[in-house]
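Q: turn this into a structure:
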Amino acid sequence: MGFIDRFKRNAGKSPRRAEPDAEAGTQPTTTRRTVRKSPGDGDEAAEVSTYVVPAPQTSRRGELLGSAAARVATWSWRFLLIIAALVVLTFAIGQLWVVVLPLLLGLLLATVLWPPARLLRRWLPAALASLLVIVGGLLVLFGLGAV
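A: Next up is the predicted model:
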């Protein structure tokens with residue numbers, strides 16, 4: 001009988017646990033397991049072998065809770081660090097708003113006015129095309145403000 005056959009035969013069975021030590025009052029750390037080999041073609045008697053299987057390690061609730069609490073604490077520190085970085089960034093942008101606002105508005109105007117300036121530079125010099133686009137953009141802006 002091969003290993004696979006023995007495994008299939010013992011699939012639903014669990015090893016017996018050894019009795020607790022009466023003197024110490026503790027559970028043993030190993031289990032004895034007996035395997036009986038059925039007689040084969042020429043064998044007249046069954047072979048019996050016993051081997052020791054280590055008992056499954058049981059984790060304590062305190063150890064599990066301790067590791068879970070450590071993970072939660074680690075993620076909490078990361079979250080607090082991200083929040084602190086966002087607060088510092090918001091404060092820095094608030095202090096530099098005098099510089100940041102004109103830069104953002106200039107970037108927006110340059111993006112909006114670039115296509116007409118590029119079109120006019122085909123027929124006019126670059127400086128004149130830029131001047132016409134800026135004056136035209138201001139006229140449109142003040143015209144919309146007057147309405």
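Q: following the longest helix anywhere in the chain, which helix or strand shows up next?
A: For the chain, the longest helix by residue count, based on DSSP state H, is helix 61-95. For helix 61-95, the following helix or strand on the C-terminal side (DSSP states H and E) is helix 97-120.
Q: which regions of this protein lie under the pLDDT threshold?
A: The chain contains residues with pLDDT under 70 at 1-62, 64, 147.
Q: now do the longest helix of the chain against helix 97-120, angle only.
A: Compare the direction of helix 61-95 with that of helix 97-120 by axes from the mean of the first three to the mean of the last three CA atoms, to 10 degrees and you get 70 degrees.
Q: secondary structure class for L124?
A: Three-state call for L124 (DSSP: H, G, I helix; E, B strand; the rest coil): coil.
Q: let me see the contact set for it.
A: Shown in contact with L124 (CB atoms under 8 Å, 6 or more residues apart in numbering): L132. (Each C-beta comes from the backbone N, C-alpha and C, glycine too.)
Q: separation between it and A117?
A: 10 Å (CB to CB, to the nearest Å).
Q: go on, G94?
A: From G94 to A117 the distance is 34 Å (CB to CB).
Q: flag every buried residue along stretch 109-120.
A: Residues of stretch 109-120 classed as buried by neighbour count (16 or more other CB atoms under 10 Å): A117, L120.
Q: which other residues reach it?
A: Here stretch 109-120 makes contact (CB under 8 Å, 6+ apart) with L128, A129, S130, L132, V133, I134, G136, G137.
Q: 7 Å - rerun?
A: Defining contact as CB atoms under 7 Å, 6 or more residues apart in numbering, one finds that stretch 109-120 is touched by A129, S130, L132, V133, G137.
Q: as CSV, could you dump the C-alpha coordinates of that stretch?
A: What follows is stretch 109-120, C-alpha atoms only, in CSV (Å, rounded to 0.1, in the frame of the first residue of the first chain):
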residue,chain,number,x,y,z
LEU,A,109,-4.6,83.1,-19.2
ALA,A,110,-1.6,81.9,-21.0
THR,A,111,-3.3,78.5,-21.6
VAL,A,112,-6.5,80.2,-22.9
LEU,A,113,-4.8,82.8,-25.1
TRP,A,114,-2.1,80.5,-26.7
PRO,A,115,-4.2,79.2,-29.6
PRO,A,116,-5.2,82.7,-30.9
ALA,A,117,-1.6,84.0,-30.5
ARG,A,118,-0.3,81.0,-32.4
LEU,A,119,-2.8,81.6,-35.2
LEU,A,120,-1.9,85.3,-35.5
